[in-house]
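Q: Provide a 3D model corresponding to the input given below.
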Amino acid sequence: MTFKSYLDTPFVHQVYFKLADRTPQTREAFIQFCYQYLSGHEGMTRFYLGLRAVEMRRPVNDQGFDILMDMEFENVEYYNKYRQHERHERWITVAGSMATERRVFDSYVLPEPDGRAWKVEADH
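A: Numbers count the residues shown, from 1 in each chain. Model (predicted):
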C-alpha cells in the first residue's frame, strides 16, 4: 500500500490529557466540554473518552495522563475539517487551558492483508 492509498482509510486521532487541576469537579467539567464541542462532527465514526485506570501500576503503564480522547474519522479529510471547525476552536478557548499536557497520536487504520478492515469478534 502506498501512502496516497492511506488517505482514503479510516483515520484515528487520540489525545492523552493531563489536567492542571486533578479534582473530580474539574475532570467532570473537562469531560462535559469534550462531549459538547468535540463529538458528533461530520465524518466521525467513533468518539469516546476514557479515564486512566489508576490501579494499573506495572512499569509499562503510563501514569502521566488523566483522560484519553479517542476519535475515528472516515478519512483524514474529515479529520482536517474537524480541526478547523468552529466547535473545535471553541473547545480550545473554553477547555484547552484545563490540561497542562497533551500527547497526540494520529494514525491511519491498516486493512487486513486481504483488504478488509480489522474487526474483532467477541466469543461470548
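Q: From here on, just use CA atoms for contacts and neighbour counts.
A: Fine.
Q: Next, count neighbours for Thr100.
A: Close neighbours of Thr100, defined as other Cα atoms under 10 Å, add up to 12.
Q: Other residues contacting the helix or strand it falls within?
A: Using DSSP states H and E, Thr100 maps to strand 99-108. Applying Cα atoms under 8 Å, 6 or more residues apart in numbering, the contact partners of strand 99-108 are 6-7, 9-20, 65.
Q: Can you check which helix is longest in this protein?
A: In the chain, taking DSSP state H as the definition, the longest helix is helix 24-38.
Q: in it, what counts as buried?
A: Across helix 24-38, burial judged by 16 or more other Cα atoms under 10 Å covers Arg27, Phe30, Ile31, Phe33, Cys34, Tyr37, Leu38.
Q: Skipping its backbone neighbours, what lies nearest the second one in space?
A: Once its chain neighbours are removed from consideration, Phe30 has its nearest residue in Ala95; the separation is 6.4 Å (Cα to Cα, 6 or more residues apart in numbering).
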